[in-house]
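Undergrad: I need the structure of the sequence given here:
(chains A and B)
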There are 2 protein chains.
Amino acid sequence: MAQIKSEIIAVGTELLLGQIANTNAQWLSQQLAAYGINVYNHAVVGDNLNRVQDTFRQAQNRSDIIIVTGGLGPTDDDLTREAFQGLSGQEIIEHPESMEKIKQFFDRNNYSMTPNNRKQARVFKGAKVLLNNAGMAPGMMATHQNKTWIFLPGVPREMKQLSLDYVFPYLQKMIGNKEVIKSIVLKFIGIGESRLEHDLHDLIQAQSNPTIAPLAQNDGVVIRLTAKESSQMLVNQILEETKEKVLEQVGEYFYGVDDQTIEEQIISLLIAQNKQIAAAESLTGGMFMSRLISVEGASEACAGGIVCYDTDVKKEVLGISEKTIESHGTVSEECALEMAVNARKKLNSNIGISFTGVAGPGKSEEHPAGTVFIAISDDTGQDIVRQFNFNGSRNSVRRRTALKGLELLFKYLK
Amino acid sequence: MAQIKSEIIAVGTELLLGQIANTNAQWLSQQLAAYGINVYNHAVVGDNLNRVQDTFRQAQNRSDIIIVTGGLGPTDDDLTREAFQGLSGQEIIEHPESMEKIKQFFDRNNYSMTPNNRKQARVFKGAKVLLNNAGMAPGMMATHQNKTWIFLPGVPREMKQLSLDYVFPYLQKMIGNKEVIKSIVLKFIGIGESRLEHDLHDLIQAQSNPTIAPLAQNDGVVIRLTAKESSQMLVNQILEETKEKVLEQVGEYFYGVDDQTIEEQIISLLIAQNKQIAAAESLTGGMFMSRLISVEGASEACAGGIVCYDTDVKKEVLGISEKTIESHGTVSEECALEMAVNARKKLNSNIGISFTGVAGPGKSEEHPAGTVFIAISDDTGQDIVRQFNFNGSRNSVRRRTALKGLELLFKYLK
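TA: Purely as a prediction, here's the structure:
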């Protein structure tokens, strides 16, 4: 079959009021991508017959497979059946098996069935009915003028169950190609999206299988490689080859694949090197160590830290010398370094890392907001101190500082 | 103006691949609902010029206000500008102020600017440019054949900032009916959504102006009151009256309105009472103090803390007695209390707060994951220790612990 176009339509005013996000479309899209089915559009429309019909008509014109979620329930504003009938003229009949299930549900729970619940058992004559084991309304697969229409309940649990049980196996058979599709995500820190894309420009342009797609995320940038091949072995092979080509260009910023986090990678490196870390945190206030401790098993590698937000705590708990603070201030290379050294020693660790600076919004010690020093000290005598000038709000500066600390620590450990 | 129809279009293949959910559409829909603007459609389209143009053409035909998120970035597949130019014929020019911001960003960070970054400063001639303080690409508001087009970056943080700073005030003025619509958000901690809804059931049923809408959020529950009246004075009056009625029922859980955070309220109370706080954090790893320090001016009230994840750090840095740990373990009332007392004394503060427990996923010291002790100790001799059993993943337990600490501290200070 030629390039198949699919789209996902969600029916429900609650989505247009922002009461929920359209996570059904996200999940279905992820799954369809894995089957090599291209999703070209998502649409959301409210519980209004004319507007649902307009949306269905448009889908009939532009897509081959149309997946509709929602609007199959018992209430008056569940209009998906009526809208598709308006488009296709297909007759609606009661599905005895589904009706029996609904009755049983009410009997079992000693509820009296209200008449509108009957509505949920109504299906298109000629449609394949998808029995719903997670809820009441069945799903349906119908055909109209060579287009495949799939109707699923809007409740995510029911939608997923019916998709996995019936829809994906059916679609896989329908598209009937032998292709295996696989994606991997390569994760980078310390490089921006535009810089990454610039460095990889020729590769991205030259490459169509796998495709190479950069995407900015909270903690850095990721690249998604998506390959299609005739076998699992070939798909893995070309993904691996392209990964190598990407890393030749920008490998110094690479930290992991797929679900790996920078914190996990750091904890793994620390454990592998049998090292413990301690932190001295001023402006980050504990955020850095909290991120490391988010990782399962962090106790092997994280001693803890001292949150020395107050200057007196820097002196009295962390033991920063009066002289350092008087000569250089707390926002200085010298103070940062002493903080890292003292955290390491006080907490009896191999590595100390420190964060001092001005979160803002105002100045401090004559330094503008965003001025930050980060230091790393280890028990072999190696010291690193770096200055940064971050933009943004108080908490943006604090987050960037903690993230930069993770980046520096990762590079130091690698 | 008659019934205004708005729609929200998201541009980005990452949405069609299911890599992210369209939370931008959800957030915008929520906000627009509060302004009384009806959202009739959401659409998502990939980074393909023809398809983006088709989607824009359809929106021009059916909607009055079209909000587009995404596709304004630096890369070749950011096509929103080109697509709208194709529809409207509007000229694209470079916006000097935005260009200057982009240059400054690169200079300040010692990055070299790649040519594709220039693209982000390009705007429609005649559009109102919305300066982006959270990122690089500015937003725009343009008009085409009597329809209002609003272009926003796809990064949620930037999208929200520009919406709040420019878009909503503009739309409010534009809809220009005589009614004044105003919302206030009442914020609660320590009570669930269903309980709050139960307690307020009669009030919610009886009340249509203002409407009373409970909504669960990360840090507790909020109630949004939305009122329409013929004047600012009347709208304020009925909001105030309803607020009082709500607080008569559930006032003990109330902590603030609108953008006020529980952290801000705590810092204000500490400053008003001229008190300093110190924390001893085991499983939270610094998360609690980091949340307090997120507040501007926290330095007046937060000394800092000791992150004593490792038992040795509990003993050697925080000074927890060998005896306490041997007799009761680190996950105990006794240890929690001693941690709070010692944090207070070591950091020379008025209040000490401590967190110890099992983040999981495994057991520790025979306690199941989710077992948590929180203690508060003050220099007047008042001590509080509480045990909790939280559900969920490691990081869910850690977050709930820090949040519960904020709740307890707020109640203690109130």
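Undergrad: how about the residue in the stretch 251-400 of chain A that chain B sits nearest to, what does it touch?
TA: At 2.2 Å from chain B, A:G286 is the closest residue in the stretch 251-400 of chain A, using CB to the nearest CB. Every C-beta, even on glycine, is put in place using the N, C-alpha and C of the backbone. Contact analysis of A:G286 by CB atoms under 8 Å, 6 or more residues apart in numbering or on different chains lists A:305, A:307, B:279, B:281, B:285-290, B:293, B:305, B:307.
Undergrad: Not counting sequence-adjacent ones, nearest residue to it?
TA: B:G286 (2.2 Å; CB to CB, 6 or more residues apart in numbering or on different chains).
Undergrad: and stretch A:173-180, what's its mean pLDDT?
TA: Stretch A:173-180 shows a mean pLDDT of 75.
Undergrad: Ends of it, what's the gap?
TA: 13 Å (CA to CA, to the nearest Å).
Undergrad: Mind listing what's buried along that stretch?
TA: Within stretch A:173-180, the residues that qualify as buried are A:V180, counting by 16 or more other CB atoms under 10 Å in any protein chain shown.
Undergrad: ok so, going back, now the residue nearest to A:G286: phi and psi?
TA: Main-chain dihedrals, B:G286, degrees, to the nearest 10: phi 110, psi -10.
Undergrad: returning to what we had before: just the closest of the contacts of A:G286 to B:K101, please.
TA: Of all those, B:K101 sits closest to B:I293, with 28.2 Å by CB to CB.
Undergrad: From the chain's centroid, how far away is whichever helix or strand A:K404 is part of?
TA: Using DSSP states H and E, A:K404 maps to helix A:394-413. Distance, stretch centre to chain centre, for helix A:394-413: 20 Å (CA atoms, centre = their mean, to the nearest Å).
Undergrad: now stretch A:364-375
TA: That offset, for stretch A:364-375, works out to 32 Å (CA atoms, centre = their mean).
Undergrad: is it anywhere near chain B?
TA: No: Stretch A:364-375 lies apart from chain B when judged by CB under 8 Å from any CB of the partner chain; the minimum separation is 8.5 Å.
Undergrad: try stretch A:335-346
TA: Yes: applying CB under 8 Å from any CB, one finds stretch A:335-346 touching chain B at A:K346.
Undergrad: Pull up the residues of the stretch 301-414 of chain A that are close to chain B.
TA: A:302-310, A:312-313, A:316-317, A:346-348, A:359-361, A:389, A:391-392, A:394-396, A:398.
Undergrad: 6 Å instead, please
TA: Contact residues (CB under 6 Å from any CB of the partner chain) of the stretch 301-414 of chain A with chain B: A:302-310, A:313, A:347, A:389, A:394-395.
Undergrad: Name the member of these with the most neighbours.
TA: Within those, most neighbours by other CB atoms under 10 Å in any protein chain shown means A:G305, with 38 neighbours.
Undergrad: any idea which element that one lies in?
TA: Judged by DSSP H and E, A:G305 forms part of strand A:302-307.
Undergrad: again with A:K245
TA: With DSSP H and E as criterion, A:K245 is part of helix A:232-250.
Undergrad: From chain B, how far off is A:S163?
TA: Computed as CB to the nearest CB, to the nearest Å, the A:S163 to chain B distance reads 12 Å.
Undergrad: For my notes, confirm that residue occurs in a strand.
TA: No: counting by DSSP: H, G, I helix; E, B strand; the rest coil, A:S163 is located in no strand; its state is helix.
Undergrad: just to revisit the earlier point, can you name every helix or strand that the helix holding A:K404 contacts?
TA: helix A:262-272, helix A:287-293, strand A:371-378 (3 or more CB pairs under 6 Å, 6 or more residues apart in numbering or on different chains; DSSP states H and E).
Undergrad: returning to what we had before: quick check: the farthest pair among the residues of the stretch 301-414 of chain A next to chain B?
TA: A:A303 and A:N389 (30.1 Å).
Undergrad: wait, what's in contact with A:Y35?
TA: A:Q172 (CB atoms under 6 Å, 6 or more residues apart in numbering or on different chains).
Undergrad: Could you do A:S282 as well?
TA: Applying CB under 6 Å, 6+ apart, the residues near A:S282 are A:C308, A:Y309, A:F355, A:T356.
Undergrad: How about it: what's its closest non-neighbour residue?
TA: A:T356 (4.3 Å).
Undergrad: Over to A:H144?
TA: Using CB to CB, 6+ apart, the closest residue to A:H144 is A:S88 (4.2 Å).
Undergrad: Using CSV, write out every CA atom in the very next helix or strand once past the strand holding A:G305.
TA: Using DSSP H and E, the next helix or strand after strand A:302-307 towards the C-terminus is helix A:311-316. This file holds the C-alpha atoms of helix A:311-316, laid out as CSV (Å, rounded to 0.1, in the frame of the first residue of the first chain):
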residue,chain,number,x,y,z
THR,A,311,26.9,33.5,55.1
ASP,A,312,27.1,32.4,58.8
VAL,A,313,26.4,28.8,57.8
LYS,A,314,29.1,29.0,55.2
LYS,A,315,31.5,30.1,58.0
GLU,A,316,30.3,28.1,61.0
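Undergrad: List the buried residues in the least confident helix or strand in chain A by mean pLDDT.
TA: Using mean pLDDT, DSSP states H and E, strand A:211-217 stands out as the lowest-scoring helix or strand of chain A, at a mean of 79. In terms of neighbour count (16+ other CB under 10 Å), strand A:211-217 has its buried residues at A:I212, A:A213, A:P214, A:L215, A:A216.
Undergrad: Same list, these, but only the ones touching chain B.
TA: Restricting the buried residues of strand A:211-217 to those near chain B - CB under 6 Å from any CB - leaves A:L215.
Undergrad: which of the buried residues of strand A:211-217 lies closest to chain B?
TA: Nearest to chain B among these: A:L215, at 5.6 Å, using CB to the nearest CB.
Undergrad: Verify the contact between that closest one and A:I223 for me.
TA: No: using CB atoms under 6 Å, A:L215 makes no contact with A:I223, being 7.4 Å away.
Undergrad: From the recorded domain assignment, give the ranges for chain A.
TA: A:5-175, A:180-257, A:262-413 (automatic domain parsing).
Undergrad: most packed of these?
TA: Among the domains of chain A, domain A:262-413 has the highest mean neighbour count (mean count of other CB atoms under 10 Å in any protein chain shown), at a mean of 22.
Undergrad: mean confidence score for it?
TA: The model assigns domain A:262-413 a mean pLDDT of 96.
Undergrad: got the end-to-end distance for it?
TA: This stretch, domain A:262-413, spans 12 Å end to end (CA to CA).
Undergrad: do the same with stretch A:196-215
TA: By CA to CA, the extent of stretch A:196-215 from end to end equals 10 Å.
Undergrad: cool, and stretch A:119-138?
TA: OK, stretch A:119-138 end separation, CA to CA: 11 Å.
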